[in-house]
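Chemist: Next come a sequence and a model predicted from it.
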Amino acid sequence: MGDPCAFCKMFDVELRAYREAGIRDVLPTVACFTPLRPTVAGHLLVVPVRHVETLAGLDEHERRDLFDRLYERGHEQGAFYVIQQNGAAAQQTVSHLHFHIVPGGRGFRIPWNESTSDADDGLVIW
């Protein structure tokens, strides 16, 4: 195996260092922290502690903890986006599964192509 990814390196340090690095909480399976370059104030990452590249690699316990954390941290924001790119074809650039929670209403917008959106149900047709 090559060098550990940036997230795995973070998880190798002591819990005290997590807090200094801006990590909001750490469970045995999931961590939540502010990214190095947040898009807007309140932008968070939710990341499994074990190195997993895609959703398919999560076990049941990790999946439950991760989605519970997404729900809890997202609802703290009020309106929010959950963004996850799963695999190289979806432009995933860090090969460690992670979800972005980005608060809505703070200048961030996903550039949906509104000309192809179905206005009745909010779905985007690609």
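Modeler: Ah, there it is. Note that the structure is predicted; figures quoted are calculated from it, not measured. Numbering: from 1, shown residues only.
Chemist: Please, where are all the helices along this structure?
Modeler: 6-11, 15-20, 60-77 (DSSP state H).
Chemist: and of the ones you listed, who's closest to residue 46?
Modeler: Smallest distance to residue 46 across the helices of the chain (Cβ to Cβ): 5.0 Å, for helix 60-77. C-betas here are computed from N, CA, C, even on glycine.
Chemist: measure residue 91 to residue 36 for me?
Modeler: 18 Å (Cβ to Cβ, to the nearest Å).
Chemist: should've said residue 29
Modeler: Counting by Cβ to Cβ, the gap from residue 29 to residue 36 is 22 Å.
Chemist: which residues in the chain form strands?
Modeler: 23-26, 30-33, 44-48, 80-83, 99-103, 117-118, 123-124 (DSSP state E).
Chemist: deepest of these, which one?
Modeler: Across the strands of the chain, averaging neighbours per residue (mean count of other Cβ atoms under 10 Å) puts strand 44-48 on top, at a mean of 25.
Chemist: What pairs with it, parallel or antiparallel?
Modeler: Neighbouring strands of strand 44-48 in its sheet, by DSSP bridges, are strand 30-33 (antiparallel), strand 99-103 (antiparallel).
Chemist: Could you take the ones you listed and lay them out as a markdown table, with extra columns for mean pLDDT and distance to residue 56?
Modeler: Listed next are the strands paired with strand 44-48 as a markdown table, based on pLDDT from 0 to 100; distance: least, Cβ to Cβ, whole Å:
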| stretch | mean pLDDT | distance to residue 56 |
| --- | --- | --- |
| strand 30-33 | 87 | 17 |
| strand 99-103 | 90 | 15 |
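Chemist: Comparing residue 29 and residue 36, which shows the higher neighbour count?
Modeler: residue 29 (17 against 9; other Cβ atoms under 10 Å).
Chemist: Please tabulate the strands paired with strand 44-48 in a markdown table and include distance to residue 72 as additional columns.
Modeler: Written out in a markdown table, the entries for these read as follows (distance: least, Cβ to Cβ, whole Å):
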| stretch | distance to residue 72 |
| --- | --- |
| strand 30-33 | 9 |
| strand 99-103 | 10 |
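Chemist: Quick check: which of the ones you listed is nearest to residue 85?
Modeler: Closest approach to residue 85 among the strands paired with strand 44-48 (Cβ to Cβ): strand 99-103, 9.1 Å.
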